[in-house]
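[1] Here is my input, please return the structure:
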Amino acid sequence: MDSKTLDQMIGNSRRKALVGGCAIVLAISGQAASASTYYIANNGSDSNAGTLAKPFASFSAATLKMVPGDTLYVRGGLYNLTARQIVRGNGSASSYQNILAYPGETPVFDAAKVGAGNDAFTVQGQYINFGGFEIKNSPKNGLVVWGGQHMTIQNCSLHDCQQSGFLAMYSTNWTVNDITVTGCSVYNTCMMNAPAARGTATSWSSAMSFLLASNIKAKNNVVFNNYGEGIDFNRCQNSTMNHNTIYDNYSVNAYLDNGISCDVSNNLIYSTGNTKFFRNGLAASGIQCAIEPSSYSGAIGLTNCTIQYNYVVNTGSGFCYGNYGLGGGMKNCLVQFNTFYKASGCMLSLAADKGHANNTFTNNIWCQANSGSMVYNGATTGVNFSQNCWYGGLSEKSYAGAGDIKSDPRFYTPGVYNTTGYRLLPGSPCLNKNMGAAVTAISP
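    Presented below is the predicted three-dimensional model:
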């Protein structure tokens, strides 16, 4: 899909030349007596009252009027930015600040001229709803939540950024807390690692990245065509990555890099075979876990994480644990009810690690629908396998476990990039054993 088509899909037909190169600063404090609504438009004036009929021209004028519970609507149009936009809000648990696109319109923020090394947007504070914006062409990150708490980022389109499209982090563990990112599309990011710029780079950003964060919810997002990892939980705890569509990213699609009590579930993850996003000749892995070093924090390990009900199709490996970096192994982790179909490398890459302890792999379908290997570098201690379906692959090598089957799972229409194709047909041997992400039959 070319960039013109993508632009049409996100609906930017209302773009206009816009004002203002100054940084947007939302300084919101105090307690609301009653909620008010304000408006910004690119035909407005800061001497106006900020109403729909007489909108403000700038964010600074609008936010001087706002208190917790108020809403600011931004009218559609093209905003050519010349400085990083800093959004600071302080709502309350009962009175969130709402900073939103005007219904039915899309404000488009072009950050091409904010200056080298600058992010497009930074959001700080707490109790904020922020959404409906398109942010593009950032020379660094598109949208950053820095130390924020109790925020919802929703329905944003983040693309063509040199580093991450979205990044939530702070310099100390768990300061970033209770952030929901939902309904966003992130594509053409991590351009620093695009083929023309890649060279011998050994590190790169992730398209949607959470670092040193707790109680994160990344859900219902579409993350694709990025030259870094798709969604990355790095040193996160009590966080969920679910109901996302993640495809054609570089190296890894869904990444747990250090994590405590994280859940990766109900995601559709795949590769279309677009070689621009291959690493070392292979598509990105589907779901991958590791314990890498970081300049921000020491290791927290991989403990009590759950990976379940995911569909992983045509990726480099279906599931991978790598003992590169610091190592240390998975502990008390559960991998269950997933459907893995056709890996261009090996289906299950589970590196041995003396730190592995009490990990369970159960009720999964591992269907290697090509001549690739089923298992590579298999760990022999600290992992328990039972009631899995193993089918296909080089020599059909697998982990043996009680209740296993080794026969065709009988998918509905395998090879497609949707979940329906991996529902089980009547008579599937996996149905009675509740294997895979779809545990009910579908009529042919």
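
[2] how about the helices in the protein?
    Secondary structure of the chain (DSSP state H): helices at 3-9, 59-63, 195-198.

[3] from what I can see Ala218 touches Ser209, true?
    No. Counting by Cβ atoms under 8 Å, Ala218 does not reach Ser209; the two are 10.0 Å apart. Using the backbone N, CA and C atoms, a C-beta is placed for each residue, glycine as well.

[4] Specify which residue of these two has the higher count of neighbours.
    Between Ala218 and Ser209, counted using other Cβ atoms under 10 Å, the more crowded position is Ala218 (30 against 27).

[5] Tell me what the more buried one is bridged to.
    Here Ala218 sits in beta bridges with Val181, Met241, going by DSSP bridges.

[6] and the gap between it and Tyr255?
    Applying Cβ to Cβ, to the nearest Å, the value for Ala218 to Tyr255 is 12 Å.

[7] who's in contact with the residue nearest to Gln368 when sequence neighbours are not counted?
    In this structure, Gln368 finds its nearest non-sequential neighbour in Gly393, 3.2 Å apart by Cβ to Cβ, 6 or more residues apart in numbering. The neighbours of Gly393, taking Cβ atoms under 8 Å, 6 or more residues apart in numbering as the test, are Cys346, Met347, Trp366, Gln368, Gly372, Ser373, Met374, Val375.

[8] Most neighbours out of the residues you listed, which is it?
    Compared across the contacts of Gly393, Met347 has the highest neighbour count, 32 neighbours, by other Cβ under 10 Å.

[9] thinking Ile246 is in contact with Ile269, fair?
    Yes. With the criterion set as Cβ under 8 Å, Ile246 and Ile269 qualify as a contacting pair; they are 4.8 Å apart.

[10] Between these two, which contacts overlap?
    With contacts defined as Cβ under 8 Å, 6+ apart, the residues adjacent to both Ile246 and Ile269 are Gly230, Asn253, Ala254.

[11] Is there a neighbour count for the closest residue to the last one other than its chain neighbours? I'd like the number.
    On the basis of Cβ to Cβ, 6+ apart, the spatially nearest residue to Ala254 that is not a chain neighbour turns out to be Ile287, at 4.8 Å. A count of nearby residues for Ile287, using other Cβ under 10 Å, gives 26.

[12] can you put the contacts of Gly393 in a markdown table and add pLDDT and distance to Thr175?
    As requested, these are exported to a markdown table (pLDDT from 0 to 100; distance: Cβ to Cβ, whole Å):
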| residue | pLDDT | distance to Thr175 |
| --- | --- | --- |
| Cys346 | 91 | 38 |
| Met347 | 94 | 38 |
| Trp366 | 96 | 39 |
| Gln368 | 94 | 43 |
| Gly372 | 82 | 43 |
| Ser373 | 88 | 43 |
| Met374 | 90 | 42 |
| Val375 | 88 | 40 |
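
[13] Now, those residues that are in strands?
    Among the contacts of Gly393, DSSP state E puts Cys346, Met347, Trp366, Gln368, Gly372, Ser373, Met374, Val375 in strands.

[14] Spit out the contact partners of the residue nearest to Ala254.
    With contact set as Cβ under 8 Å, 6+ apart, Ile287 has these partners: Asn253, Ala254, Leu256, Val264, Ile269, Ile307, Asn310, Val312, Gly318, Phe319, Cys320.

[15] Quick check: the fourth one vs Leu326, distance?
    What that stands for is Val264. Taken as Cβ to Cβ, the spacing of Val264 relative to Leu326 amounts to 21 Å.

[16] same check, this time on the fifth one
    Ile269 sits at a distance of 25 Å from Leu326 (criterion: Cβ to Cβ).

[17] I only care about the contacts of Ile287 that end up buried; give me the ChimeraX line for that.
    Of those, the buried ones go into a single ChimeraX selection, burial set by 16 or more other Cβ atoms under 10 Å:
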select :253,254,256,264,269,307,310,312,318,319,320
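
[18] Report pLDDT for the closest residue to Tyr170 other than its chain neighbours.
    If you skip the residues right next to it in sequence, Tyr170 has Gly147 as its closest partner in space, 4.0 Å away by Cβ to Cβ, 6+ apart. The pLDDT attached to Gly147 in the predicted structure is 96.

[19] Then Ser398?
    With respect to pLDDT, Ser398 has a value of 66.

[20] next one: Ala23
    The model reports Ala23 with a pLDDT of 42.

[21] quick one: contacts for Ala93?
    Tyr127, His150.

[22] Could you do Val222 as well?
    Val222 is in contact with Cys184, Ser185, Val186, Tyr187, Asn244, Thr245, Ile246, counting by Cβ under 8 Å, 6+ apart.

[23] which stretches of the stretch 201-350 of the chain have low pLDDT?
    When the per-residue scores of the stretch 201-350 of the chain are filtered using pLDDT under 70, the ranges that remain are 201-202.

[24] what's the pLDDT at Ala61?
    The per-residue pLDDT reported for Ala61 equals 78.

[25] Nearest residue to it in space, please, no chain neighbours.
    Taking Cβ to Cβ, 6+ apart as the measure, Ala61 lies nearest to Asp46, with 3.9 Å between them; neighbours along the chain are not counted.

[26] was I right about that neighbour contacting Phe59?
    No. Taking Cβ under 8 Å as the definition, Asp46 is not a contact partner of Phe59, at 10.1 Å.

[27] Cool, thanks, signing off.
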